[in-house]
Each structure stands twice: as C-alpha cells, then as structure tokens.
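A.B. asks: no sequence on hand, only this structure:
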C-alpha cells in the first residue's frame, strides 16, 4: 500500500497515522503499532469501534485494508464475502490478471484483508444506521455497533423478475447465480432472463454444460458487448429472443418445467420447456438502511462527492451502491481506498 | 456447540460457488462436523436432485431440514444447529 501513496502526501499521511495510532492504542491496549500486533482488533469494545465498514465486496475489503494500514480501529460488518464480484464466472482485466474467476479474485481480496487481524470481522445484516450526536449507531441482526464514522459499501442485490413461480422454485431451477448453480444443469434446457453483459456472460458460461440456451431480453436489442455476443453465437446452441418477457415460471412440483413468455409488442404468448431459469436483469443498490442520512439519485444510489462523502459528515459510501457511474470491480476497489483515506482524515480533523 | 455436535449436517457444494466457501468457512470456524458433498460427484448430484429435490448450491441439510443458500439463511441455520454467532 505504501507504494501507492504519492510523495506529496507522505507527510500528511504520516501525521495522520501517528495521531490515529495514538488514538487506537489509547483506546484499548499498550500495543504501539497495530501492524505488528496480530490477533487483536483495535475496537474499543465488542460493540464500539472508530469506523464501521459495511459490506465486504471489493470496496469494503479495500477500505478495510487501507484502514488497517492507517491504524484506524475498524470493524467490517458484512453478510457475505465478495458481494457481486464473487459471482462473476470470469473477470477480465482486473489489473494483474488477464482472466480470473470471481471466486479466485475475491479469495485473494479476503486473504489480504485477513492478514490484518486488527480489523474485526463481523457477520450480520445492518438494517438501519442512525446518528447519535456526531456518532453513528448501526442496528444489525447481530446487535448494535457504535462508531464515529461509517463507510457504507453494501453493494447491490439481484433484481427479481417478480413473476409467479419465481420464489416458489428458487433453488429448484430458479437461480440468480450461474457460477454457483450452472454445473447442476448439465444436459438441461435453460432460459436466461436478461440480455446485458451479465446475462450473456452467464449464457457463455452455461453453453458448455447445458443442452440448449434461450436468452430473453425485454428490449428490442441486447445490451451485451459484441465480444459476448460473438462467443455465445459460436456453436449454435443458443437462441436470443428480444422484445420478449417471462410472465410466469411453471413447475412439476419437484422443479422448474417451463416458462410462459410474451412478446411485448404483439402480446403473443407461448410456453418454453426449460429446467432452469437464470435471472440476470440487473441489480438494486442496498441503500435503504442509510436512506435517512444520504441523498439518493433516481435509481436509489447514494450520491457522493469526489471524496466519497455523503451529505452526513462521517458517513462515507463506496462501490456499486453509489452513483459513481462505472460499475467495475477495479473502480469499486479504488473508491473503497478513497473512502478509507477520507474517513481516516475525517477522524483526525474531528478531534 | 454440544447441541450442534449431535446434528447430522450435509453440505452440497461446488468449488466455484462463493456462498459454499462461506458456508464451509463458517462451519469450520464453529467446529461443526459436516459431510462435504461436492456435486461434481454424480452420486451427490443425484442425491441433491432426487432425495432433496433441489438444484442449487450451497444446500445444507441439518437433520433432514433443508436450507438453500447459506448467507440468506444464516439465522435459521444457526437456530437449527443451536449455535450463536
């Protein structure tokens, strides 16, 4: 990390680190350098810490690493490790890796974060963040946390179709993760809802195992990159139907047996036999728990400035939950680093 | 932990599945013994499909009670195992 700090920033950062290290040590132990005090997190108590990072995707884990480096007592509260990045069957051009799977990349991130035992890791779902004075209270299903600053990096969740049968057959043929469940559909007919990059990436991934693939896109054109379209077209196993939506998922009791589809222009309906339905129609930002403390844009992403600040001092946001336009792993990681540095700076200025 | 030790736990998984990795990590951290049934093995896949009628991983079976997905079911899984965070 040190190599990434510009020469002009060294003096300021060094000052920041000294201040924060002193605060950290004063708060809990006699350890003078948290970087060499493994096995001990720096939080004041089991329920209070200087910073909470919510989410452990690329943004949250990078923020955790940078906060560890800055010796800021931090708890990372998360439901999962990796977020959406872990679901990618194949990630291209994350610097240092021409190709790597989401699972592999996320494992590398997690191993890196876990090299800092002073960063406390808590599993849980934060349901609401509220302010008490200048501090924050995070209400989670595993109890409350009190912090001086929060980095909200909770990412996004898959958007659902909202059609009959979707919930009933989840895990019985309906899936939101082709990387996870794709191999279970060897020799089966599958449908993919969504003609964007995620839908086509899933289709390409499934092409090697499924008997036949149908990609359905509501709009009249698919939005996937040409490279994905070319790769899917190879082999002739897949068809793409545009201007078409799924209206219901049917089953035979045990699992999915077919879908009802409809032409959005003519209203013409028909049935498709399928044993699998992979839903890849985008995602929704996990911004609701902080909704009282931030401004949201029209698609409910958290609006931040170039320092990852929200409208509430001490509450920062990073990654795909924000209005930063490029939803890329490397961008999210960079935003996480920015949020950590901004939070560390905020704590210094606050005192 | 004493209660969890008496439970039979099966985990149907794949190495490409991030939620499976988290489930394993959590079970191991809790010291809970489980049978890791990779569905790359055809018999395990058949068992998942035909005995439990599921087509997703991770699927956890705790004394016959079936949970599809780990992260979204963590609280229920903890309750079924009788363990805390």
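C.D. replies: Nice, thanks for sending it over. Only a predicted model underlies this, so the values are computations on that prediction, with no experimental measurement involved.

A.B. asks: switch to C-alpha atoms for all contacts and neighbour counts from now on
C.D. replies: Noted.

A.B. asks: which residues touch residue B:28?
C.D. replies: By CA atoms under 8 Å, 6 or more residues apart in numbering or on different chains, the contact set of residue B:28 is empty.

A.B. asks: next, give phi and psi for it.
C.D. replies: For residue B:28, the backbone dihedrals are phi -60, psi -40 (criterion: degrees, to the nearest 10).

A.B. asks: okay, now the unreliable bits of the chain?
C.D. replies: No chain specified, so I'll use chain A. Scanning chain A for pLDDT under 70 picks out A:1-41.

A.B. asks: please go with chain B instead
C.D. replies: Where chain B drops to pLDDT under 70, the residues are B:1-5, B:85.

A.B. asks: what does it put close to chain A?
C.D. replies: Residues of chain B lying near chain A by CA under 8 Å from any CA of the partner chain: B:14, B:16-19, B:22, B:39-40, B:45, B:53-57, B:68, B:71, B:85.

A.B. asks: filter these to the buried ones?
C.D. replies: Buried residues within the residues of chain B next to chain A, counting neighbours by 16 or more other CA atoms under 10 Å in any protein chain shown: B:14, B:16-19, B:22, B:39, B:45, B:53-57, B:68, B:71.

A.B. asks: near chain B, which residues of the stretch 201-350 of chain A show up?
C.D. replies: A:254, A:255.

A.B. asks: now the helices for the stretch 201-350 of chain A?
C.D. replies: A:226-233, A:329-350 (DSSP state H, counting those that start in this stretch).

A.B. asks: what's the answer for chain B, then?
C.D. replies: B:2-5, B:18-29, B:42-46, B:74-81 (DSSP state H).

A.B. asks: got the buried residues for the last one?
C.D. replies: By neighbour count, and taking 16+ other CA under 10 Å as the criterion, the buried residues in helix B:74-81 are B:74, B:75, B:77, B:80, B:81.

A.B. asks: out of the buried ones among the residues of chain B next to chain A, who's nearest residue A:259?
C.D. replies: Proximity of those to residue A:259 (CA to CA) peaks at residue B:55, which lies at 16.7 Å.

A.B. asks: tell me the contacts of the closest one?
C.D. replies: A:171, A:172, A:173, A:181, A:184, A:185, A:255, B:48, B:49.

A.B. asks: of these, which is the most crowded?
C.D. replies: Among the contacts of residue B:55, the one with the most neighbours (other CA atoms under 10 Å in any protein chain shown) is residue A:173, at 28 neighbours.

A.B. asks: and the residue of the stretch 101-250 of chain A nearest chain B?
C.D. replies: residue A:180 (4.3 Å; CA to the nearest CA).

A.B. asks: picking up where we left off before, now the contacts of residue B:55 in TSV, with distance to residue A:66?
C.D. replies: Below are the contacts of residue B:55 laid out as TSV (distance: CA to CA, whole Å):
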residue	distance to residue A:66
A:171	37
A:172	41
A:173	41
A:181	34
A:184	39
A:185	41
A:255	46
B:48	42
B:49	44
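
A.B. asks: farthest pair in these?
C.D. replies: Farthest-apart pair in the contacts of residue B:55 is A:181 and A:255; separation 14.0 Å (CA to CA).

A.B. asks: circling back: let me know the closest of the contacts of residue B:55 to residue A:99.
C.D. replies: residue A:181 (20.8 Å).

A.B. asks: now the closest one. Nearest residue, chain neighbours left out?
C.D. replies: Distances taken as CA to CA, 6 or more residues apart in numbering or on different chains put residue B:56 closest to residue A:181, at 5.3 Å, once the chain neighbours are dropped.

A.B. asks: ok, the one you found - contacts?
C.D. replies: Taking CA under 8 Å, 6+ apart as the test, what residue B:56 contacts is A:171, A:172, A:173, A:175, A:180, A:181, A:184, B:68, B:69.

A.B. asks: inside helices: which ones of those residues?
C.D. replies: Per DSSP H, the contacts of residue B:56 map to helices at A:180, A:181.

A.B. asks: distance to residue A:51 added to the contacts of residue B:56, as CSV?
C.D. replies: Below are the contacts of residue B:56 laid out as CSV (distance: CA to CA, whole Å):
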residue, distance to residue A:51
A:171, 37
A:172, 40
A:173, 41
A:175, 35
A:180, 33
A:181, 36
A:184, 41
B:68, 33
B:69, 30
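
A.B. asks: which one is the closest residue to chain A within chain B nearest to, not counting chain neighbours?
C.D. replies: Proximity of chain B to chain A (CA to the nearest CA) peaks at residue B:17, 4.3 Å away. With CA to CA, 6+ apart as the criterion, residue B:17 has its nearest non-adjacent residue at 4.3 Å, and that residue is residue A:180.

A.B. asks: could you report the neighbour count for the one you found?
C.D. replies: Counted by other CA under 10 Å, the residues lying close to residue A:180 total 25.

A.B. asks: that one contacts residue B:38, doesn't it?
C.D. replies: No. In this structure residue A:180 lies outside contact range of residue B:38 using CA atoms under 8 Å: 12.0 Å.

A.B. asks: shared neighbours of the two, anything?
C.D. replies: What both residue A:180 and residue B:38 touch, as defined by CA under 8 Å, 6+ apart, is the set residue B:14.

A.B. asks: surely residue A:192 forms part of a strand?
C.D. replies: Yes. Counting by DSSP: H, G, I helix; E, B strand; the rest coil, residue A:192 is part of a strand.
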